[in-house]
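**Student:** sequence unknown, structure follows:
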């Protein structure tokens, strides 16, 4: 199964702290291998992600500060493909874009931005596919979640997170956790 | 097809403005009928949602200020069921909870909260089902998106939004919109 890394574009440390945290935790919980925060550094975000990984286990990388063009260029140089999630792209439900992405059989860099991404993101020099989780405006966090859930066909939700300090035992009612098990 | 409304719990107008906006737009774009912001009012959020609905079409209701207990009680009195999305609940992938929800055949109130929801949410007096989009911590926005996508089996992404002032024409590359069409 190819691996997926998430490139987060346009993060402003103050304003986007919580939203990017949600994007990072969604990436981790829905099967991505890591998050690349481009162009900026955010030490607090890095620590938040580290704490979650330390407690809840598994391997999930977090990189920050590299210019986005460099990340994309190096990803492509290693043979990976780039999927840009955007409301303007091909609708994941009404056509076969997901099958075409799968058919590549390569690791995927998923770009999630905001309303005002550079035009360049849509061009062949950056994106191999522009994919819309529906063509309505909503949320990069929601788009990422649906893309990952569909790509991994739900299997990401059954994953075992190694070296976890804390784990939830699913329940019909109430909360049950096991610590340091 | 049963209708789904989303109950947003624990919204703090300053701190959660953007996150709740994302939850509202995700609800709308992924097929929910409306958002109920409980316990508090947030005029700015209301206006943001109204602007999106006015521009992008379709019907999507937004209510705010009603105490959550009252909303739940009235929903149940009308025969609806309540699904609480929580990392502690039954894993949507590893068991048949979604089929059980569907089998009810009733309209659904989906509760999305935050880390510290009242214990009561897990009890029979509130939730008919506690559903986890995986048992890892992530995002109510992501959880809502995956739940709606699975419940509506992707059909929500092909929906036609009536009386739209603006509409995206999906493209492999670039942005194409039609205005006032």
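**Tutor:** Okay, I see it. None of these values were measured; they are calculated from a predicted model.
**Student:** longest strand in chain A, by residue count?
**Tutor:** In chain A, taking DSSP state E as the definition, the longest strand is strand A:81-91.
**Student:** can you give me the helices in chain A?
**Tutor:** Assigned by DSSP state H, the helices in chain A fall at A:17-29, A:43-56, A:68-77, A:97-104, A:140-151.
**Student:** can I get those helices in CSV with mean pLDDT, distance to residue B:171 and mean neighbour count?
**Tutor:** In this view, the C-beta of every residue, glycine as well, is placed from N, C-alpha and C. Formatted as CSV, the helices of chain A follow (pLDDT from 0 to 100; distance: least, C-beta to C-beta, whole Å; neighbours: other C-beta atoms under 10 Å in any protein chain shown):
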stretch, mean pLDDT, distance to residue B:171, mean neighbour count
helix A:17-29, 97, 24, 25
helix A:43-56, 98, 32, 16
helix A:68-77, 98, 20, 16
helix A:97-104, 98, 12, 15
helix A:140-151, 98, 16, 26
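**Student:** Tabulate those (a markdown table), appending distance to chain B.
**Tutor:** Output for the helices of chain A, formatted as a markdown table (distance: least, C-beta to the nearest C-beta, whole Å):
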| stretch | distance to chain B |
| --- | --- |
| helix A:17-29 | 4 |
| helix A:43-56 | 6 |
| helix A:68-77 | 16 |
| helix A:97-104 | 9 |
| helix A:140-151 | 4 |
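**Student:** could the ones you listed go into JSON lines alongside distance to residue A:157?
**Tutor:** Conversion of the helices of chain A to JSON lines gives the following (distance: least, C-beta to C-beta, whole Å):
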{"stretch": "helix A:17-29", "distance to residue A:157": "8"}
{"stretch": "helix A:43-56", "distance to residue A:157": "14"}
{"stretch": "helix A:68-77", "distance to residue A:157": "26"}
{"stretch": "helix A:97-104", "distance to residue A:157": "18"}
{"stretch": "helix A:140-151", "distance to residue A:157": "8"}
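**Student:** Show me how far the longest strand of chain A is from its chain's centre.
**Tutor:** In terms of C-alpha atoms, centre = their mean, to the nearest Å, the centre of strand A:81-91 is set 13 Å apart from its chain centre.
**Student:** Next: stretch A:106-113.
**Tutor:** Put simply, stretch A:106-113 sits 7 Å off its chain's centre (C-alpha atoms, centre = their mean).
**Student:** before we move on, what about stretch A:104-111?
**Tutor:** With C-alpha atoms, centre = their mean, you get 11 Å for stretch A:104-111.
**Student:** residues in contact with that stretch?
**Tutor:** Residues from elsewhere that reach stretch A:104-111 (C-beta atoms under 8 Å, 6 or more residues apart in numbering or on different chains): A:2-7, A:9, A:32, A:36, A:71-72, A:75, A:78-85, A:101, A:117, A:121, A:126-128, A:144, A:147-148, A:151.
**Student:** other SSEs contacting the longest strand of chain A?
**Tutor:** Under the contact definition 3 or more C-beta pairs under 8 Å, 6 or more residues apart in numbering or on different chains; DSSP states H and E, strand A:81-91 sits against helix A:68-77, helix A:97-104, strand A:108-112, strand A:129-132, helix A:140-151.
**Student:** Just the angle for it relative to strand A:108-112, thanks.
**Tutor:** Put simply, strand A:81-91 runs at 50 degrees to strand A:108-112, going by axes from the mean of the first three to the mean of the last three C-alpha atoms, to 10 degrees.
**Student:** So which of the helices and strands packed on strand A:81-91 is nearest residue B:46?
**Tutor:** Proximity to residue B:46 (C-beta to C-beta) singles out helix A:140-151 among these, at 20.3 Å.
**Student:** Please list the outside residues in contact with the closest one.
**Tutor:** Helix A:140-151 has contacts (C-beta under 8 Å, 6+ apart) with A:4, A:6, A:19, A:22-23, A:26-27, A:30-32, A:83, A:85, A:92, A:98, A:101-102, A:108, A:110, A:112-114, A:131, A:133, A:156-157, B:22, B:26, B:29-30, B:133, B:138-139, B:141-146, B:149-150.
**Student:** Likewise for stretch A:37-54?
**Tutor:** Under the contact criterion C-beta under 8 Å, 6+ apart, stretch A:37-54 has outside partners A:7-9, A:11-13, A:17, A:20-21, A:24-25, A:28, A:35, A:59-60, A:62-68, A:71, A:165, B:137.
**Student:** where does residue A:168 land on pLDDT?
**Tutor:** Residue A:168 carries a pLDDT score of 97 in this model.
**Student:** Number of residues surrounding it?
**Tutor:** A total of 21 residues lie near residue A:168 under the criterion other C-beta atoms under 10 Å in any protein chain shown.
**Student:** Kindly report the same for residue A:161.
**Tutor:** The burial count for residue A:161: 18, using other C-beta under 10 Å.
**Student:** I am assuming it contacts residue A:56, so please confirm or correct that.
**Tutor:** Yes - contact status for residue A:161 versus residue A:56: in contact at 5.8 Å, counting by C-beta atoms under 8 Å.
**Student:** Now for the two: what residues contact both?
**Tutor:** Listed as contacting both residue A:161 and residue A:56 by C-beta under 8 Å, 6+ apart are A:167, B:136.
**Student:** would a markdown table of the helices and strands packed on strand A:81-91 with distance to residue A:170 be doable?
**Tutor:** Below are the helices and strands packed on strand A:81-91 laid out as a markdown table (distance: least, C-beta to C-beta, whole Å):
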| stretch | distance to residue A:170 |
| --- | --- |
| helix A:68-77 | 35 |
| helix A:97-104 | 28 |
| strand A:108-112 | 27 |
| strand A:129-132 | 31 |
| helix A:140-151 | 17 |
